[in-house]
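1. Here's a sequence, model it:
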Amino acid sequence: MANGPYVVTGASKGIGKAISQQLAAHGHPVVALARPSKELDEIGKELAFSCPGSLAIACDLSQPGDIKQATEQITERFPWIAGLVHNAGTIFPVLPMAQMEITAWSHSISVNLIGVQDLTQRLLAKMGGTQQSRVTTISSGASLRPVESWSAYCVAKAGLDMWARCLATECFVSNISAIAIAPGIVDTGMQADIRSIEPSLFPQHANFVNLHTSGQLVASDDVARQLLPLILNHSMEQSGQRFDVREL
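-> Numbers count the residues shown, from 1 in each chain. Coordinates of the predicted model:
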């Protein structure tokens, strides 16, 4: 029971992949979740080699059926879950609110927030008890301040911060903790997506291009190493708190 897995979403690339690799390297089995891809297959094999018991499961967090199937596989395979790392997210759609299709806005909320609740709720029965289970959500500066054309992302991330606080409050008696961590500005595929957006639709486009060209983006591996102590060791007393990696 002591070596239950960590379930990591968005694990096929970027921060999620780097966190998964760090967890496995430290002897913790990882269940890597992401949309189907060659990258997911490859990280699944890598993690299983690094830490036996690890595996990858295809799961699109915007699809309740995917979440149901993934959690059934997890709960059938593992008697206890050590932790969840909610990393998966999408920046799209990036558009002014007046131009937004509600279906696109809703999809963003589904991936970034509703899927987190669905996945967690289905796994809670396998968490906590005599040993603490730890839930970590990857937050963003956008949870604290509005960014033009990012309304869906900002709203979802703000909601995710409060979601973690609510979970921390409700699950304290079950020995399940929840924290949020803002990882800073990381050199991921999401940053490349941001730079690909039509500048006329995103007033801060030039700022994000400058972050890249001036070398201010931090490598995913470096951020994962900074996050790992909190993911693995945050205490029940720290449950409900929001951290910023730049202050660690």
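2. got the buried residues for stretch 221-228?
-> V223, A224, Q226, L227, L228 (16 or more other CB atoms under 10 Å). Where you see a C-beta, it was placed from the backbone N, CA and C, and this is true even at glycine.
3. Oh, that last question was meant for stretch 51-61, not what I typed.
-> C51, G53, S54, L55, A56, I57, A58, C59, D60, L61.
4. Stretch 111-125 now?
-> Quick answer for stretch 111-125 (16+ other CB under 10 Å): 111-120, 122-124.
5. picking that back up, now tabulate the buried residues of stretch 221-228 in TSV and tack on secondary structure and pLDDT.
-> Output for the buried residues of stretch 221-228, formatted as TSV (DSSP: H, G, I helix; E, B strand; the rest coil; pLDDT from 0 to 100):
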residue	secondary structure	pLDDT
V223	helix	94
A224	helix	95
Q226	helix	95
L227	helix	96
L228	helix	97
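6. Show me the two of the buried residues of stretch 51-61 that sit farthest apart.
-> C51 and D60 (24.9 Å; CB to CB).
7. that older thread, just the ones of the buried residues of stretch 51-61 in strands?
-> In this view, these that belong to strands under DSSP state E are L55, A56, I57, A58.
8. Do I have it right that the first one meets A24?
-> No: counting by CB atoms under 8 Å, A24 is not a contact partner of L55; they are 10.9 Å apart.
9. between those two, what contacts are shared?
-> Counting by CB atoms under 8 Å, 6 or more residues apart in numbering, the common neighbours of L55 and A24 are L47.
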